[in-house]
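Chemist: Sharing a sequence plus its predicted fold:
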Amino acid sequence: MNVGKMMKQAARLQQQMEKVQSDLANRTVEATSGGGAVKVVAKCDGTVASIKIDPATAGDIQMLEDMIVSATNQALGQAREISSQEMGKLTSGLGIPGLT
């Protein structure tokens, strides 16, 4: 493979990766804990978009904090998995260590 062709493929891959990253920034997942008392929405770029708390759970702060952490970790885990899958689609078959 000549250098010119490799450069074109690299540029095309970079454009595709930028599009996937942009799409991931707009894609959301949600997770709940405490039977729905806490709901966390995360974006697939690894950020938390929102946290909703049922006012009825406000009495036990320690339990509420635990539910927030649990739901946040679940949502971010789902987001990481989706991100990994989408980026893996682009890099599979390239044979570049760390990208496949």
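Modeler: Received it, and whenever you're ready, just let me know what you need.

Chemist: now this structure, which segments are flagged as low pLDDT?
Modeler: The chain contains residues with pLDDT under 70 at 1, 93-100.

Chemist: part of a strand, is Lys39?
Modeler: Yes: judged by DSSP: H, G, I helix; E, B strand; the rest coil, Lys39 forms part of a strand.

Chemist: And it, how close does it get to Gln85?
Modeler: Taking Cβ to Cβ, to the nearest Å as the measure, Lys39 and Gln85 are separated by 23 Å. C-beta here means a position set from N, CA and C on the backbone, and glycine is covered the same way.

Chemist: So for these two, which sits in the more crowded spot?
Modeler: The neighbour comparison of Lys39 against Gln85 (other Cβ atoms under 10 Å) goes to Lys39, with 18 against 10.

Chemist: can you give me the helices in this protein?
Modeler: When secondary structure is read from DSSP state H, the chain shows helices at 3-26, 61-91.

Chemist: got a list of what the residue lying closest to Asp23 once chain neighbours are set aside touches?
Modeler: Closest residue to Asp23 in three dimensions, ignoring its sequence neighbours and counting by Cβ to Cβ, 6 or more residues apart in numbering: Glu86, at 7.5 Å. Contacts for Glu86 (Cβ atoms under 8 Å, 6 or more residues apart in numbering) come out as Val20, Asp23, Leu24, Cys44.
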